[in-house]
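Chemist: Sharing a model that was predicted from the sequence below.
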Amino acid sequence: MTKLLLVAFALLSLACAAGAADVPALVKQLKSPDPDLRRAAAKGLGEAGPDAKPAITALTTALADKDLFVRRFAAQALGEIGPEAKSAVKPLSDALKDPKKEVVEAAATALGKIGAVEPLAALVSDARKDPAARRKAIEALGLMKADARSAVPDLIKALKDKDVRLEAAEALGDIGPDASSALKELDAIAASKERDRNFKKAVTEAIKKIKK
């Protein structure tokens with residue numbers, strides 16, 4: 001019970017700290033031996049958003065924490081910091097190899113928010129990875145729109161993968177005219193006897209967006 005009260009107090013303090021952008025206090029808490037307090041600190045730094053920039057090094061270290069949720073929240077926090085967390089791209093790319101899919105998905109989303117296309121494209125192309133993580137990577141690329149143009153070849157290949165093809169079509173549409181090299185493949189699918197209506201609809205919508 002005592003520990004529960006301590007954690008509850010920490011979470012309450014965390015809310016105040018995040019609101020005041022008390023990043024140094026959260027960084028200190030991130031080094032606590034108590035995993036619940038470390039989780040709370042990482043989550044609080046994520047809520048602080050770009051104000052947590054001074055915590056980038058600490059959050060990067062936390063990506064290797066033994067606790068699943070600390071790693072997950074640390075990845076999410078780096079994503080909330082945004083492009084200024086570019087120094088964390090390599091550690092986040094390494095986090096894509098984490099054995100826990102929750103961490104992989106959080107790292108993929110973070111890389112998208114930071115603007116790192118290459119590691120996301122590599123994840124999309126790796127059919128050995130969990131489909132949910134690959135879909136998260138594709139989603140992140142789609143949110144980057146034209147900035148993800150270099151991932152178009154990987155997304156074109158993904159159109160042949162039933163695990164992620166719908167998301168790949170949607171992402172190509174989000175990239176827009178810069179994904180024109182995908183039109184040949186997309187047109188072929190649109191003209192085919194493909195029975196998956198949702199996939200075919202995504203392909204048709206992608207063609208329209210690319211041809212705008």
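Modeler: Right, received. Where do you want to start?
Chemist: The chain - how does it break down into domains?
Modeler: The chain resolves into domains spanning 1-115, 118-212 when parsed by automatic domain parsing.
Chemist: and the ones you listed as a markdown table, adding mean pLDDT?
Modeler: Formatted as a markdown table, these follow (pLDDT from 0 to 100):
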| stretch | mean pLDDT |
| --- | --- |
| domain 1-115 | 88 |
| domain 118-212 | 97 |
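Chemist: Downstream of the helix or strand Lys157 falls within, the next helix or strand is which one?
Modeler: Element membership for Lys157, per DSSP states H and E: helix 152-158. Next helix or strand after helix 152-158 toward the C-terminus (DSSP H and E): helix 165-175.
Chemist: can you give me the strands in the chain?
Modeler: With strands called from DSSP state E, the chain shows none.
Chemist: Now mean neighbour count too, for the domains of the chain, in TSV please.
Modeler: C-beta here means a position set from N, CA and C on the backbone, and glycine is covered the same way. Listed next are the domains of the chain as TSV, based on neighbours: other CB atoms under 10 Å:
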stretch	mean neighbour count
domain 1-115	19
domain 118-212	18
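Chemist: Pick out the residue nearest the middle of the protein.
Modeler: Nearest to the geometric centre of the chain sits Thr109, at 0.9 Å (CA atoms, centre = their mean).
Chemist: any idea how far Val152 is from Lys211?
Modeler: Separation of Val152 from Lys211 (CB to CB, to the nearest Å): 15 Å.
Chemist: Skipping adjacent residues, who's closest to Asp98 in space?
Modeler: Of all residues not flanking Asp98 in the chain, Val104 sits nearest, at 5.4 Å (CB to CB, 6 or more residues apart in numbering).
Chemist: Also Arg71?
Modeler: Of all residues not flanking Arg71 in the chain, Val103 sits nearest, at 4.8 Å (CB to CB, 6+ apart).
Chemist: can I assume that neighbour is in contact with Phe73?
Modeler: No - using CB atoms under 8 Å as the test, Val103 is too far from Phe73 to be in contact (9.7 Å).
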